[in-house]
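[1] Give me a 3D structure for the following:
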Amino acid sequence: MPADLNPIDKAKFVAAKRAVEFVEDGMKLGLGTGSTSAWMVRCLAERVREEGLRVTGVATSSRTAELATSLGLTVRTLDEVRWLDLTIDGADEFDPDLNLIKGGGAALLQEKIVATASDQMIVIADAAKEVSRLGAFPLPVEVIPFGWQTTKALIEETLVAMDVMTRDVSLRLTGDRALVTDEANHILDLHLGRIGNPRQLALVLNQIPGVVENGLFIDICDIVVIGSPDGKVSVRDINTGSVSDDQIHFAPTDNIFADLD
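    This next block holds a predicted model:
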C-alpha cells in the first residue's frame, strides 16, 4: 500500500479487500456509494481482472456507475437484474445490532432500494463508524423539492415527540445551492445527537408528506467488516452471532491505485 495513504484510508481499503472475498462467480451485486465503497469497487475490479470472475453490478449512484464502468465492470440497472445476491456498501454509523445511518453521500434512496433487493448486505467500515447508539452523525432524509420548507417544519414538529437529544434540521447545500440527488430531490440533515428508538423514528419519518426516504437502515445489514490501519479486519455476522478476525496482507498494485491522486 502506498505510504502516503492516511490511516483511515488504509482501514477502508483492508475492509473493502476482505469484503470482496465474499463475492462468488456469477453473482449479481449491489455496488455502494461513498469513499469506502469506492475502494470496494476497485478491489472487486482487481479480482475480476485477475481471476476472471463473471459478476454483474447494480450501482447505487451515478458516481459509482461511472467508476465501475471505467474499471471494466459490467453494470446494469436494477430493473434489468431484478434481484441481487449481495450488496456491499459503506455506512456513516452502525450500532451493535448492525442498524445503520447512511446517506452522507446523498445516495440513501438508491442505496436502500438496492440493499433491500438483495439476499444479503455487507457493510464495510473503519472502526470510527461503530457507535453504541445511533445519532451522532446527522440523519439524512430525502425530500421532494416541492414544499420542502413545509416538509422541514413537519419533521421538526414530529421530532418533538421522538426520543432524540437535539432537533436541528438543515437543508444540505452544495456551494450556495440546495444539493440535488440522482433522483432530483433534496436532502434534509437531522442533527439529533442521539436516537433512542431508531425503528420508531424511521417509521414515523416516512409517514410525513414530502419525505421520500430516510437514512435509517433497520434490519437490512447482515455482516459488517471493520478494517484497521494495521491490516487487521473484524467480520461480524448478525445472523449467526459470530465474530472473526483476519489479517490482510497486501502489496500495492498498479491496477488498484492507478486512478488515485
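
[2] Which strand residues bridge residue 86?
    Beta-bridge partners recorded for residue 86 (DSSP bridges): residue 29.

[3] let's have the chain start at 44 instead
    Right, with 44 as the first residue, what we last looked at is residue 129.

[4] Okay, it and residue 208: tell me how far apart.
    35 Å (CB to CB, to the nearest Å). Placement of C-beta: from N, CA and C, glycine included.

[5] Kindly report the same for residue 280.
    Look at residue 280 and residue 208: by CB to CB, they are 31 Å apart.

[6] got it, and residue 78?
    According to CB to CB, residue 78 and residue 208 sit 27 Å apart.

[7] can you check residue 236 too?
    Taken as CB to CB, the span from residue 236 to residue 208 is 3 Å.

[8] Give me the common contacts of the two.
    Residues touching both residue 236 and residue 208 by CB atoms under 8 Å, 6 or more residues apart in numbering: residue 178.

[9] Skipping its backbone neighbours, what lies nearest the residue nearest to the spatial centre of the chain in space?
    Nearest to the geometric centre of the chain sits residue 133, at 3.4 Å (CA atoms, centre = their mean). Distances taken as CB to CB, 6 or more residues apart in numbering put residue 79 closest to residue 133, at 3.6 Å, once the chain neighbours are dropped.

[10] Give the rounded mean pLDDT of the helix or strand encompassing that neighbour.
    For residue 79, the host element (DSSP states H and E) is helix 78-94. Here helix 78-94 scores 97 as its mean pLDDT.

[11] quick one: contacts of it?
    52, 55-56, 58-60, 62-63, 66, 72, 74-75, 96, 98, 100, 103, 107, 110-111, 114-116, 131-133, 167-169, 296, 298-299.

[12] So which of the residues you listed are in helices?
    52, 55-56, 58-60, 62, 107, 110-111, 298-299 (DSSP state H).

[13] Which residues are in contact with residue 179?
    Residue 179 neighbours (CB under 8 Å, 6+ apart): 136, 236-237.

[14] can you check residue 98 too?
    66, 68-72, 87, 91, 116-117.

[15] try it again with 6 Å
    70, 72 (CB atoms under 6 Å, 6 or more residues apart in numbering).

[16] any idea how far it is from residue 237?
    39 Å.

[17] again, but for residue 121
    Look at residue 121 and residue 237: by CB to CB, they are 34 Å apart.

[18] Just want to know which of the two has more residues nearby.
    Legend: neighbour count by other CB atoms under 10 Å for residue 121 and residue 237, higher for residue 121 (17 against 14).
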